[in-house]
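Asks: Could you look at this predicted model? Sequence included:
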Amino acid sequence: QDRTARLWRLPELILVSTLKGHKRGVWSVEFSPTDQVVATGSGDRSIRLWSLADGACLRTFEGHTASVLRLSFVNQGTQVVSVGSDGLLKLWTVKTSECVNTFDEHLDKVWALASSEVLEMDAASRTHARVRVVTGGADGRINIWEDSTEEESLAREAAAQGAELAAQALQSALQRGDYQEALRGALSLKQPDRARLTFHDLTQKQNPTKAAATLGSLLRSLDPDALALCLEYVREWNTNSRHCHTSAWVLQGILRVFSPRQ
């Protein structure tokens, strides 16, 4: 309640330093598991990071809209999780004091917070911490949270690899003159630029009559969903002066092949 936190040396209980800076009462204190720092959460809606060596305030974390009631270090001391009277769970990066994520799953104040982490090794023999956080609120709920950072990172890597393979497949199809495979691949991956490049390549490598016939065959091979997506891309290309000619050419092909009712 006196807006300070005090650091004592055991076992003599000698006062080492008084941490001053909060504007309201301090409700939570947590020591870093890896660094010589301690974090405090206060009724002034902020979190402060203090040096154990001299009691200096090193960082201030601001973002809660009400009192910070509990906090904990996670990910081997590199991040902090906090909960408060605003019902929010926030994740902070210690190095930058930036809030990297906010979770809103409680309907009232969050009074309890506990965390645990287990070191695991993935398929690439990389070690990472599996973090689990449990929160309890005045809404009668207990929520269990698990860190999905590693899974999301692997998913992004897989998506990037998939996109690269798709680009290679598209280039290969264009080199073979297999425009049907190139267009289907671009539409299935929802990549309008690759679809546009397929049509553009067609106009560059075939004479106008043959290109129009090939375009008609391509359009007839599309199912209704793919054709609708193609129409969306045509509208998008038409807003760009560099692509509007391709857009107009494809739209003319669609109108030649399909009736307005279709």
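Replies: Okay, I see it.
Asks: So residue 236 is in contact with residue 190, correct?
Replies: No - counting by Cβ atoms under 8 Å, residue 236 stays clear of residue 190, with 11.9 Å between them. C-beta coordinates here come from the backbone N, C-alpha and C atoms, glycine included.
Asks: Check which helices and strands the helix or strand of the chain with the lowest mean pLDDT sits against.
Replies: Least confident helix or strand, the chain: helix 149-176 with a mean of 73, by mean pLDDT, DSSP states H and E. The contact analysis (3 or more Cβ pairs under 8 Å, 6 or more residues apart in numbering; DSSP states H and E) places helix 149-176 against helix 179-188, helix 192-205.
Asks: what is the orientation angle of that helix with helix 179-188?
Replies: 160 degrees (axes from the mean of the first three to the mean of the last three Cα atoms, to 10 degrees).
Asks: and the closest residue to residue 238 other than its chain neighbours, what does it touch?
Replies: Spatial nearest neighbour of residue 238, excluding adjacent residues (Cβ to Cβ, 6 or more residues apart in numbering): residue 247 at 4.1 Å. Taking Cβ atoms under 8 Å, 6 or more residues apart in numbering, we find residue 247 in contact with 234-235, 237-238.
Asks: on that earlier part again, got CSV for the helices and strands packed on helix 149-176, with mean pLDDT too?
Replies: Listed next are the helices and strands packed on helix 149-176 as CSV, based on pLDDT from 0 to 100:
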stretch, mean pLDDT
helix 179-188, 84
helix 192-205, 88
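Asks: would you list the ones you listed in a markdown table and tack on distance to residue 48 and mean neighbour count?
Replies: Shown next, in a markdown table, are the helices and strands packed on helix 149-176 (distance: least, Cβ to Cβ, whole Å; neighbours: other Cβ atoms under 10 Å):
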| stretch | distance to residue 48 | mean neighbour count |
| --- | --- | --- |
| helix 179-188 | 51 | 20 |
| helix 192-205 | 48 | 18 |
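Asks: Which pair in the contacts of residue 247 has the greatest spatial separation?
Replies: 235 and 237 (7.5 Å; Cβ to Cβ).
Asks: Comparing those two, which residue is more hemmed in?
Replies: More crowded of residue 235 and residue 237, by other Cβ atoms under 10 Å: residue 237, with 22 against 11.
Asks: any chance you could read off phi and psi for that one?
Replies: Main-chain dihedrals, residue 237, degrees, to the nearest 10: phi -60, psi -30.
Asks: What of the one 5 residues further on?
Replies: According to degrees, to the nearest 10, the main-chain angles of residue 242 amount to phi -80, psi -20.
Asks: Adjust the sequence numbering to begin at 33 for everything that follows.
Replies: From this message on, residue numbering opens at 33, which makes the last subject residue 274.
Asks: what about it, how many neighbours?
Replies: Number of residues near residue 274 (other Cβ under 10 Å) recorded here: 8.
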